[in-house]
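1. Here's a sequence, model it:
(one chain, ligands or ions: 1)
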Amino acid sequence: MALVIAVDGPAAAGKGTLARRLAAHFGLPYLDTGLLYRATGRRVLDEGADPADPAAAERAARALDPADFTRTDLRNPPADAAASKVAAIPAVRAALLDFQRGFGAAKGAVLDGRDIGTVVFPEARVKLFVTASAAERARRRHAELAARGAAPSLEEVAAEMAARDARDAARDVAPLAPAKDAVLLDTTELDAEQAFAEAVRIVESLQ
Ligand code: C5P
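-> Numbers count the residues shown, from 1 in each chain. This next block holds a predicted model:
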């Protein structure tokens, strides 16, 4: 099988930055699978429907098109919450599975998400589970939102993130959890450069 690197973990652990850099380093395509759920949630909100409504959410997942992924409103608190609500619906996950598998199957890829190592690519050669303390993740997410001009308080960001991680970890289908053979990478004390160097070392040790 082509080299697939699965990067899973909770919100704001540094998965996206890390996965993008790994993809560039190893010459692999990169897929941010959270965008699929975010775009699905956004479509449901646009319809005025409830992201927890299975029929509306499945319809939105099946109707996704490339323009949905370039929207500028996919990374704010309403989109975070809508994404994790649609992501708990089995029919939504089923609708998005073939695309994710197809993306990595031919030439390999780096994919980041919650269930890449457990469900999407259980045979991936490299599985990283990237974590950081809840306080550090809230601090990072708050700084990211503030840099974009949105300014919910640190407490609000921490509470929303805790609710989202709890929903992602508690759902029946593809819950957030490390695969049995995943390597844990705790980035609490690491900057982006150190996390990247450590991840490269792990990938190379598994090849
Ligand atoms: O990774 P990101 O924070 O963009 O993901 C947004 C939401 O999408 C997550 O909170 C989770 O509910 C869902 N998700 C998922 N499975 C993935 C990627 C994201 O359930 N592989």
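2. where do the helices sit along this structure?
-> In the chain, the helices defined using DSSP state H lie at 15-26, 34-47, 54-62, 77-86, 90-105, 134-147, 154-170, 192-206.
3. Just send those helices back as CSV, with mean pLDDT and distance to the ligand too.
-> For every residue, glycine as well, the C-beta is placed using N, CA and C. Output for those, formatted as CSV (pLDDT from 0 to 100; distance: least, CB to the nearest ligand atom, whole Å):
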stretch, mean pLDDT, distance to the ligand
helix 15-26, 97, 7
helix 34-47, 98, 2
helix 54-62, 98, 12
helix 77-86, 95, 3
helix 90-105, 97, 7
helix 134-147, 95, 9
helix 154-170, 96, 4
helix 192-206, 97, 16
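4. Ok, which of those comes nearest R71?
-> Of all the helices of the chain, helix 34-47 sits nearest to R71, with 6.3 Å by CB to CB.
5. just the angle between the closest one and helix 90-105, please?
-> Counting by axes from the mean of the first three to the mean of the last three CA atoms, to 10 degrees, helix 34-47 lies at 140 degrees to helix 90-105.
6. Only the buried residues of helix 34-47, if you could.
-> 34-45 (16 or more other CB atoms under 10 Å).
7. can you check stretch 94-108 too?
-> Here stretch 94-108 shows 95-96, 100, 103-104, 108 as buried, counting by 16+ other CB under 10 Å.
8. hmm, who's touching that stretch?
-> 1-5, 28-29, 31, 33, 36-37, 40, 58, 61-62, 109, 111, 116, 119-121 (CB atoms under 8 Å, 6 or more residues apart in numbering).
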